[in-house]
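Student: here is the input, now give the coordinates:
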Amino acid sequence: MLDVRSRLMEVSQDKRQNPRLEIRCKVFFDRINGTAEMTDFSMGGFFAEISDITGLELGMMTNVAIKLPMEENAFLQKVKIVNINRRGVGCQFVDLTKKNSITIKNCFEIFKNTLPIR
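Tutor: Here you go, the predicted model:
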């Protein structure tokens, strides 16, 4: 199946400070029931598709648990909701710990040559 998400993104490219990697993994928000699916991420944040954004507001700080590929366990991270649209939410990492930064960087390095970077 052809995936055309990259062509339909509603986020302006000029706002991005870091390259993004298309990747799918589970994200658990502490403010919603159920899971969301991360569709892309960078060293600065990620976008998660969520069918029901009830409980999430622009500018809100919340905690998430992220289960990246190649990682045995999910890690906890504080994020700020910086974008909300009909597909889901854009999140910016806040107070990224050294350990979480290394985890994200390692995943980015592993997959950067196999998945598209925008």
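
Student: how about the contacts made by the most centrally placed residue in the chain?
Tutor: The centre of the chain sits closest to residue 46, judged by CA atoms, centre = their mean, with a distance of 2.3 Å. Going by CB atoms under 8 Å, 6 or more residues apart in numbering, residue 46 touches 27, 38, 40, 66, 90-91. C-beta coordinates here come from the backbone N, C-alpha and C atoms, glycine included.

Student: what strand or helix carries it?
Tutor: In this structure, residue 46 is located in strand 45-49 according to DSSP states H and E.

Student: give the pairing partners of the helix or strand just after that strand; include direction for each.
Tutor: Downstream of strand 45-49, the first helix or strand assigned by DSSP H and E is strand 61-66. According to DSSP bridges, strand 61-66 has the following sheet partners: strand 21-29 (antiparallel), strand 75-84 (antiparallel).

Student: same question for strand 61-66, mean pLDDT?
Tutor: Strand 61-66 shows a mean pLDDT of 96 in the predicted model.

Student: which other residues reach that strand?
Tutor: The contact list for strand 61-66 (CB under 8 Å, 6+ apart) reads 25-31, 38, 46, 56, 74-81, 91, 94.

Student: one more: stretch 31-38?
Tutor: Stretch 31-38 has contacts (CB under 8 Å, 6+ apart) with 23-29, 46-50, 52-56, 60, 62, 66, 88-89.

Student: apply 7 Å and report the result again.
Tutor: Taking contacts as CB atoms under 7 Å, 6 or more residues apart in numbering, the residues outside stretch 31-38 that touch it are 23-29, 46, 48-50, 52, 55-56, 62, 66, 88.

Student: that stretch: how far from the chain's middle?
Tutor: Centre-to-centre, stretch 31-38 and its host chain are 12 Å apart (CA atoms, centre = their mean, to the nearest Å).

Student: gap between the two ends of it?
Tutor: Distances were taken as CA to CA, to the nearest Å; on that basis the terminal residues of stretch 31-38 are 16 Å apart.
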